[in-house]
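[1] Here you go, sequence then predicted model.
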Amino acid sequence: MSDNPIKPIIAPMLSVRRGAAAVDFYKAAFGAVELFRIDDPDGNVVAHLSVDGAGFWLADESPEHQNFSPETIGGGSVRMILTVDDPDTVFDQAVAAGAEIVWRPADSHGWGVGRVVDPFGHHWEIRKPL
């Protein structure tokens, strides 16, 4: 057994069309930073991003590997939950970057929460515990 075992981490991998544009969107919308990125000669991207230490991955969809974007399947099966100190500001920043409003931030069940859908079809709930 290793002296420094790897701690299990669960991180979403978002399948998107236009991966390079998705990286730019997440930087503008959520202040994401790139931790890792590969661009292949065809323009496809695999990237590991972080929003203030909360990591997620994205990659251009690859139907040959059964990885489909919400645009291809007509919706998504997962919502991203982004918990932040100031959901109103992050919500407005995401909308300014190109996200569409699903519902504006409001108090609900002990949370201040709003929801947007990004230009790639992924839904994001931006929230804060009350």
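    Done, it's in.

[2] From now on I want contacts and neighbour counts done on CA atoms only, so please keep to that.
    Noted.

[3] residues near residue 70, how many?
    Per other C-alpha atoms under 10 Å, the neighbour tally for residue 70 reads 20.

[4] Just the pLDDT for it.
    The score at residue 70 is 97. That number is its pLDDT.

[5] again, but for residue 5
    Listed pLDDT for residue 5 reads 87.

[6] where do the helices sit along this structure?
    19-30, 70-73, 87-97 (DSSP state H).

[7] now the strands for this structure?
    Ranges of strands in the chain, per DSSP state E, are 13-16, 33-39, 45-51, 54-60, 79-83, 100-108, 111-117, 123-129.

[8] quick one, the last one and helix 87-97 angle?
    Taking axes from the mean of the first three to the mean of the last three C-alpha atoms, to 10 degrees, one finds that strand 123-129 is oriented at 160 degrees with respect to helix 87-97.

[9] Could you dump the strands of the chain into JSON lines and include mean pLDDT, mean neighbour count and distance to residue 72?
    Below are the strands of the chain laid out as JSON lines (pLDDT from 0 to 100; neighbours: other C-alpha atoms under 10 Å; distance: least, C-alpha to C-alpha, whole Å):
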{"stretch": "strand 13-16", "mean pLDDT": "97", "mean neighbour count": "23", "distance to residue 72": "9"}
{"stretch": "strand 33-39", "mean pLDDT": "98", "mean neighbour count": "14", "distance to residue 72": "21"}
{"stretch": "strand 45-51", "mean pLDDT": "98", "mean neighbour count": "20", "distance to residue 72": "17"}
{"stretch": "strand 54-60", "mean pLDDT": "97", "mean neighbour count": "19", "distance to residue 72": "12"}
{"stretch": "strand 79-83", "mean pLDDT": "97", "mean neighbour count": "15", "distance to residue 72": "17"}
{"stretch": "strand 100-108", "mean pLDDT": "96", "mean neighbour count": "15", "distance to residue 72": "18"}
{"stretch": "strand 111-117", "mean pLDDT": "97", "mean neighbour count": "22", "distance to residue 72": "15"}
{"stretch": "strand 123-129", "mean pLDDT": "97", "mean neighbour count": "21", "distance to residue 72": "15"}
